[in-house]
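A.B. asks: below: sequence and its predicted model.
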Amino acid sequence: MSTVNIPGISYPFPGKPLVIPPLSLGDLEQLLDRINAIVAGGMDRGSIATVIDATHAALRRNYPDMLREEVAGLLDLRNMRDVLNAVMSASGMEAQPVNEQGEVAAPSTGANSTLT
């Protein structure tokens, strides 16, 4: 692996932590509609390809020799949502928190449920 040149979010991929930098604007332009479709709720073969493509696009900025197939091998059903959130956060996009069932958590109303 090469030297990390672009700061980002360190993610503990199986066997090797890698720094996920922000997507370039060119990559974001190509992937934004696909990423938004995942955030909106859908999960299908295209969604999986989008997670792989977005992660690969971000990682190749720091690891230019990394192949898409390598990235696909680092992702699984357990980490794909967290990794996409890391890509989005590194890119300055608001990531949606995900609960243990893999569902987007309801937004906070800001109200406190504790009586004072």
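C.D. replies: The structure has been received and is ready for your questions. Numbers count the residues shown, from 1 in each chain.
A.B. asks: list the buried residues for the helix or strand of the chain with the lowest mean pLDDT?
C.D. replies: Every helix and strand in the chain was compared by mean pLDDT, DSSP states H and E; the lowest is helix 25-39, with a mean of 91. Residues of helix 25-39 classed as buried: Asp27, Leu28, Leu31, Ile35, Ile38 (neighbour count, 16 or more other Cβ atoms under 10 Å). In this view, the C-beta of every residue, glycine as well, is placed from N, C-alpha and C.
A.B. asks: which residues sit in contact with the residue most central in space within the chain?
C.D. replies: What sits nearest the mean C-alpha location of the chain, by Cα atoms, centre = their mean, is Leu84, with 1.6 Å. Going by Cβ atoms under 8 Å, 6 or more residues apart in numbering, Leu84 touches Ile35, Ile38, Val51, Ala54, Thr55, Ala95.
A.B. asks: isn't there a strand covering Val19?
C.D. replies: Yes. Secondary structure of Val19 (DSSP: H, G, I helix; E, B strand; the rest coil): part of a strand.
A.B. asks: re the thing from before, which among the buried residues of helix 25-39 gets closest to Tyr63?
C.D. replies: Minimum distance to Tyr63 across those is 14.4 Å, recorded for Asp27 (Cβ to Cβ).
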